[in-house]
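Trainee: Sequence plus the predicted model coming up.
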Amino acid sequence: MRLRIVLAEAWRSLAANASTTIAATMTVLIGMFLLGLSIGLGSWVLSWSNHVKRELVVDVYFCTKLTCGNDATKSQEEKIANMLSSMGEVKEVQFISKAEALQMMEKKSPELTKGLPSNPLPDALKVLPNRAEDIEKIAAAVPSSGATGVEKVDYGKKTAKRILRVARVIEIVFLLAVIVLLAASTLLIANTIRLSIFARRREIEVMKLVGATNWFVRGPFMLEGLICGIAGAALAVVLLLLGKTIALPAILGQIDDSSDAQALAFLWNAAILIGFGLLLGAAGSGFTIRRFLKV
């Protein structure tokens, strides 16, 4: 019976105060839409930066007669490969023979391999790190000299540092954007609900004077907040879905489909928005009404 009364009171208040209800719902919609857009775009950019970081590898080139006077021996190559494999920072070590390297070059740049009298390419190791941040440490661990059979170690030092720096900035910006948007949405929703409650402060005072408990007064307002929160969040999800199906393909049509960069799954994004909409709507109403309960 009490729940039915609370539901009826909440519905009556929503209908009687349509303007403030619409304002609160639109505020939630705007806040949740911006938050959802930030999560979707930010998670895609983070995924793209991780994709780029995974492309960072350490290449170890062994000596040849042309570069060091003698070819590296098999024992020298195995020693370096075993040393790298034993490092905790190394995910995988791939051996690339000079014949395999020539085949790769023939496919990639056939004009450079035409008319070669012999294979000038060295044996090499391709070292995949567990974390992109470890490539400098891995490269520094490889002794480069004729005695070890290693001609040079290459990991694109300048490019690698630039990629890691950009990836770090992206992560920080994404985190700050989500925090700022969440805080802004909370404040906007709380202020809108506060105005709605302030407009009905006399009604609350009368309810308190006739003996209504705090929770009986708070219940309808929290339910109103829940309804406004879920309605605004649901509308934001609909707008994001329209953007995903209509606008996104046109915007991202020129991006290489082979990239494994992916945004957060839309269902997860929608669930986050609905959850935050419910939480902000109910919490905003519950906390804001406290000051008006002291009659």
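Mentor: Cool, got the structure. Residues are numbered from 1 along each chain as shown.
Trainee: Only the C-alpha atoms, please, for stretch 55-72, written as PDB.
Mentor: This file holds the C-alpha atoms of stretch 55-72, laid out as PDB (Å, rounded to 0.1, in the frame of the first residue of the first chain):
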ATOM      1  CA  GLU A  55      54.000  -2.500 -33.500                       C
ATOM      2  CA  LEU A  56      57.100  -1.600 -31.500                       C
ATOM      3  CA  VAL A  57      59.700  -4.300 -31.700                       C
ATOM      4  CA  VAL A  58      63.500  -4.700 -31.300                       C
ATOM      5  CA  ASP A  59      65.400  -5.900 -34.300                       C
ATOM      6  CA  VAL A  60      68.700  -7.600 -33.800                       C
ATOM      7  CA  TYR A  61      70.900  -7.900 -36.900                       C
ATOM      8  CA  PHE A  62      73.800 -10.400 -37.000                       C
ATOM      9  CA  CYS A  63      77.100  -9.900 -38.600                       C
ATOM     10  CA  THR A  64      77.800 -10.700 -42.300                       C
ATOM     11  CA  LYS A  65      81.100 -10.700 -44.300                       C
ATOM     12  CA  LEU A  66      80.100  -7.400 -45.800                       C
ATOM     13  CA  THR A  67      79.500  -5.600 -42.400                       C
ATOM     14  CA  CYS A  68      81.900  -7.300 -40.000                       C
ATOM     15  CA  GLY A  69      84.200  -9.300 -42.100                       C
ATOM     16  CA  ASN A  70      82.800 -12.700 -40.900                       C
ATOM     17  CA  ASP A  71      79.300 -14.200 -40.700                       C
ATOM     18  CA  ALA A  72      77.900 -14.700 -37.200                       C
END
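Trainee: who touches it?
Mentor: By CB atoms under 8 Å, 6 or more residues apart in numbering, the residues outside stretch 55-72 that reach it are 76-77, 80, 84, 98, 120-129, 132, 135, 138-139, 142, 146, 149-156, 160, 163-164. In this view, the C-beta of every residue, glycine as well, is placed from N, C-alpha and C.
Trainee: of those residues, buried ones?
Mentor: 76-77, 80, 84, 98, 121-125, 127, 129, 132, 135, 138-139, 142, 149-151, 153, 155-156, 160, 163-164 (16 or more other CB atoms under 10 Å).
Trainee: So which of these sit within strands?
Mentor: Mapping the buried ones among the contacts of stretch 55-72 onto strands (DSSP state E) picks out 124-125, 127, 129, 150-151, 153.
Trainee: would you list these in CSV and tack on distance to residue 26 and pLDDT?
Mentor: Shown next, in CSV, are those (distance: CB to CB, whole Å; pLDDT from 0 to 100):
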residue, distance to residue 26, pLDDT
124, 61, 89
125, 60, 90
127, 55, 90
129, 49, 90
150, 65, 86
151, 66, 85
153, 59, 86
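Trainee: Could you identify the most distant pair in the residues you listed?
Mentor: 129 and 151 (20.9 Å; CB to CB).
Trainee: And the helices in the chain?
Mentor: Remark: helices assigned in the chain by DSSP state H are 2-16, 18-54, 65-68, 74-85, 98-108, 110-113, 135-140, 157-199, 201-209, 214-242, 248-251, 266-288.
Trainee: Please name whichever of the ones you listed is nearest to residue 92.
Mentor: That would be helix 74-85 among the helices of the chain, by CB to CB, at 8.4 Å.
Trainee: what angle separates the closest one from strand 150-154?
Mentor: Using axes from the mean of the first three to the mean of the last three CA atoms, to 10 degrees, the inter-axis angle of helix 74-85 relative to strand 150-154 is 30 degrees.
Trainee: circling back to that earlier point, with respect to residue 42, which of the ones in strands among the buried ones among the contacts of stretch 55-72 is nearest?
Mentor: Residue 42 has its nearest neighbour among these in residue 129, at 24.9 Å by CB to CB.
Trainee: what about the residue of the chain most remote from its centre, distance to residue 232?
Mentor: Relative to the centre of the chain, the most outlying C-alpha is that of residue 210, 52.1 Å out, by CA atoms, centre = their mean. To residue 232, residue 210 is 33 Å away according to CB to CB, to the nearest Å.
Trainee: now do residue 61
Mentor: Residue 61 is 59 Å from residue 232, by CB to CB.
Trainee: Of those two, which one has the most company?
Mentor: residue 232 (26 against 20; other CB atoms under 10 Å).
Trainee: Just give the nearest non-adjacent residue to the more buried one, would you?
Mentor: residue 28 (2.6 Å; CB to CB, 6 or more residues apart in numbering).
Trainee: Check that neighbour and give its pLDDT.
Mentor: Residue 28 is assigned a predicted lDDT (pLDDT) of 79.
Trainee: Please consider this matter closed, and thank you.
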